[in-house]
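S.K.: What follows is a predicted structure for the sequence shown.
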Protein chains: 2
Amino acid sequence: MSTPTPPKPRRGRAYRGVSIEARRAERHQKLLDAGIQVIGSQGYHATTVKAVCAEAGLTERYFYESFSNSEALLCEAYAHIIAQLRERIGTSLSAHQAQPDTLIEAALNSYFTYLRDHPGHARLMMVEVLGVSPTVDQHYRRVMEDFAEFLAATRRGLYPAQDTHGVDEMMIATGLIGALVNMAMRWMLSGFRESPESVVAAARTVLLAVNRHLLEG
Amino acid sequence: MSTPTPPKPRRGRAYRGVSIEARRAERHQKLLDAGIQVIGSQGYHATTVKAVCAEAGLTERYFYESFSNSEALLCEAYAHIIAQLRERIGTSLSAHQAQPDTLIEAALNSYFTYLRDHPGHARLMMVEVLGVSPTVDQHYRRVMEDFAEFLAATRRGLYPAQDTHGVDEMMIATGLIGALVNMAMRWMLSGFRESPESVVAAARTVLLAVNRHLLEG
DNA sequence: TACTTCTGACAACAAGCCATGTCAACATTG
DNA sequence: CAATGTTGACATGGCTTGTTGTCAGAAGTA
């Protein structure tokens, strides 16, 4: 009965000086970045687990440690990109408070330059998320709705006493968001040839036009 | 040497009273309709050759008689739908000549009611064609460009002497097309709950606003 | 040092689907 | 009637990929 008490290292221990949570988080981040990179360049349907792992410098097992499948990666990548974009727009807005014209200009500048500086992100958020599955479509729809709501709310903030003349504010905001998306898509698909200033100017024209129209009745 | 001259029926003969061309065309049409149906309801990536053939009531061999692969079917289905939509808009336009307001109203009515009456077509042309392959993306881009060009040309026809104030007409038209698409998508994804009139009204507001803005400088 | 966990490279298995092939039954022509 | 084209049901091969498993070596712990 003199069983020598076997050494019992607990699992979840540190490795190379980093805790298990930190390692996990690091791998997760690597996979997320790699996923955005691969999906943004090859397209979602040409993206394999193997390719993402190769890009991340990890083996396939760790993929399933972080994501249950490719679709989960896509969703998280999408959410990540949208959050980044939101933040960028938000900070640029807070620098130009309450002056409608410069507000719009700043927001549009943030939007279009972000897409140009991250073409992979642009492709993912505008093209690759569509038509993947009902789940992903739901996320997309939600994001669109949020942006439209944000646009409508911002306008309401600038013109509080404004009557809506019975028009569907959200539907119009949805249209305007669609205008921005389509302009961006055209700009992207043409390889960002035109200057950001001219694209911003066109977008500004549309937003201001509708704003004026709603104000003047 | 009295080899009896073997009967030599030419191939490509009639069958059940229809010529080979007619049978081929009939099968092609059946497969196209079935493809639109299946892709429009299940989504392109969930669509298999087998399912399309089952829907068409044909065997898989005939699929490859008409299409080299699923992508070819998707492209032709897309082109078919766009042509239908164009025709529908065109005929409704020719009935309301040269009166800007009713012109827009008629075109928007055709557009939105077409989508509502053919939700499968709507899904295919707005969602399923995106992110499939560079080839299909090219088609999509071309269609968008054509619609934008059509919109810009129509406007030029109504206001020939109009100065463009240096703004990029095509970029603005692209934005407006995007607005229409996004409104339609929202309408579709919410199950066409709102009345077509209210959607048309919102779309009209956007188009008229930009038009007015461009006219008044 | 002895034992355990962690890691990475790779194998293995199952599943799905595209694309083609086989074969018997039916239709047509001479 | 006989020979051949046509059709439909079904089978088959082959490829790709997702997902899990194996195993040896490195790193940590008692």
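M.R.: Nice, I can see it. Numbering: from 1, shown residues only, chains lettered A, B, ... in the order given.

S.K.: does residue A:163 count as helix, strand or coil?
M.R.: coil (DSSP: H, G, I helix; E, B strand; the rest coil).

S.K.: And for it, the neighbour number?
M.R.: 10 (other CB atoms under 10 Å in any protein chain shown). Bear in mind the C-beta positions are built from the backbone N, C-alpha and C, glycine included.

S.K.: ok, now how distant is it from chain B?
M.R.: 14 Å (CB to the nearest CB, to the nearest Å).

S.K.: So for that residue, what's the pLDDT?
M.R.: According to the prediction, residue A:163 has pLDDT 71.

S.K.: Now it. Its backbone dihedrals?
M.R.: phi -80, psi 140 (degrees, to the nearest 10).

S.K.: before we move on, what about residue A:18?
M.R.: phi -120, psi 140.

S.K.: got any ranges where chain A has weak pLDDT?
M.R.: Low-confidence segments of chain A (pLDDT under 70): A:1-9, A:97, A:165.

S.K.: tell me which element the residue sitting nearest the centre point of it falls in.
M.R.: Most central in chain A under CA atoms, centre = their mean is residue A:82, positioned 2.0 Å from the mean C-alpha point. In the assignment (DSSP states H and E), residue A:82 maps to helix A:70-94.

S.K.: elements contacting the very next helix or strand once past that helix?
M.R.: Later in the chain than helix A:70-94, the nearest helix or strand by DSSP H and E is helix A:100-117. Judged by 3 or more CB pairs under 8 Å, 6 or more residues apart in numbering or on different chains; DSSP states H and E, helix A:100-117 is in contact with helix A:70-94, helix A:119-123, helix A:134-158, helix A:169-189, helix A:196-216.

S.K.: For helix A:100-117, buried residues please.
M.R.: By 16 or more other CB atoms under 10 Å in any protein chain shown, the buried positions in helix A:100-117 come out as A:103-112, A:114-115.

S.K.: which of the residues you listed lies closest to residue A:199?
M.R.: Checking the buried residues of helix A:100-117 against residue A:199 by CB to CB gives residue A:112 as the nearest, at 5.4 Å.

S.K.: wouldn't that closest one be in contact with residue A:185 here?
M.R.: No: using CB atoms under 8 Å, residue A:112 is not in contact with residue A:185; the gap is 11.6 Å.

S.K.: Please tabulate the helices and strands packed on helix A:100-117 in JSON lines and include distance to DNA strand D as additional columns.
M.R.: Formatted as JSON lines, the helices and strands packed on helix A:100-117 follow (distance: least, CB to the nearest atom of the strand, whole Å):
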{"stretch": "helix A:70-94", "distance to DNA strand D": "5"}
{"stretch": "helix A:119-123", "distance to DNA strand D": "18"}
{"stretch": "helix A:134-158", "distance to DNA strand D": "14"}
{"stretch": "helix A:169-189", "distance to DNA strand D": "24"}
{"stretch": "helix A:196-216", "distance to DNA strand D": "35"}
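
S.K.: Point out the most buried one among the ones you listed.
M.R.: helix A:169-189 (a mean of 23; mean count of other CB atoms under 10 Å in any protein chain shown).

S.K.: Does that one reach chain B?
M.R.: Yes: against chain B, helix A:169-189 shows contacts by CB under 8 Å from any CB of the partner chain at A:171-172, A:174-183, A:185-186, A:189.

S.K.: Equivalent analysis for stretch A:48-58, please.
M.R.: No: if you take CB under 8 Å from any CB as the test, stretch A:48-58 misses chain B, and the best it gets is 14.7 Å.

S.K.: ok now that stretch, how far from the chain's centre?
M.R.: 21 Å (CA atoms, centre = their mean, to the nearest Å).

S.K.: which residues are contacting that stretch?
M.R.: Stretch A:48-58 has contacts (CB atoms under 8 Å, 6 or more residues apart in numbering or on different chains) with A:27, A:30-31, A:33-35, A:37-38, A:42, A:59-60, A:62-63, A:70, A:73.

S.K.: most neighbours, which of the residues you listed?
M.R.: For the contacts of stretch A:48-58, neighbours tallied by other CB under 10 Å; top is residue A:35, 29 neighbours.

S.K.: List the contacts of the residue lying closest to it once chain neighbours are set aside.
M.R.: What sits nearest to residue A:35 in space, not counting adjacent residues and going by CB to CB, 6 or more residues apart in numbering or on different chains, is residue A:73, at 4.6 Å. Residues near residue A:73 by CB under 8 Å, 6+ apart: A:31-32, A:35, A:39, A:52, A:63, A:66-67.

S.K.: same deal with residue A:170?
M.R.: Per CB under 8 Å, 6+ apart, neighbours of residue A:170: A:145, A:148-149, A:152.

S.K.: Kindly report the domain assignment for chain A.
M.R.: Using automatic domain parsing, the domain parsing of chain A gives A:14-67, A:70-216.

S.K.: could you redo these as TSV and give each row distance to DNA strand C?
M.R.: Shown next, in TSV, are the domains of chain A (distance: least, CB to the nearest atom of the strand, whole Å):
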stretch	distance to DNA strand C
domain A:14-67	4
domain A:70-216	13
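
S.K.: Next, the angle helix A:100-117 makes with the helix holding residue A:82.
M.R.: Between helix A:70-94 and helix A:100-117, the angle comes out at 140 degrees (axes from the mean of the first three to the mean of the last three CA atoms, to 10 degrees).

S.K.: before we move on, the earlier item: check the contacts of stretch A:48-58 and tell me the two furthest apart.
M.R.: A:27 and A:42 (21.2 Å).

S.K.: Residue A:193: helix or strand, and which one exactly?
M.R.: Using DSSP H and E, no helix or strand contains residue A:193.

S.K.: Residue B:74 versus that one, what's the distance?
M.R.: 28 Å (CB to CB, to the nearest Å).

S.K.: Over to residue A:11?
M.R.: From residue A:11 to residue B:74 the distance is 50 Å (CB to CB).

S.K.: Over to residue A:124?
M.R.: Counting by CB to CB - residue A:124 and residue B:74 are separated by 21 Å.
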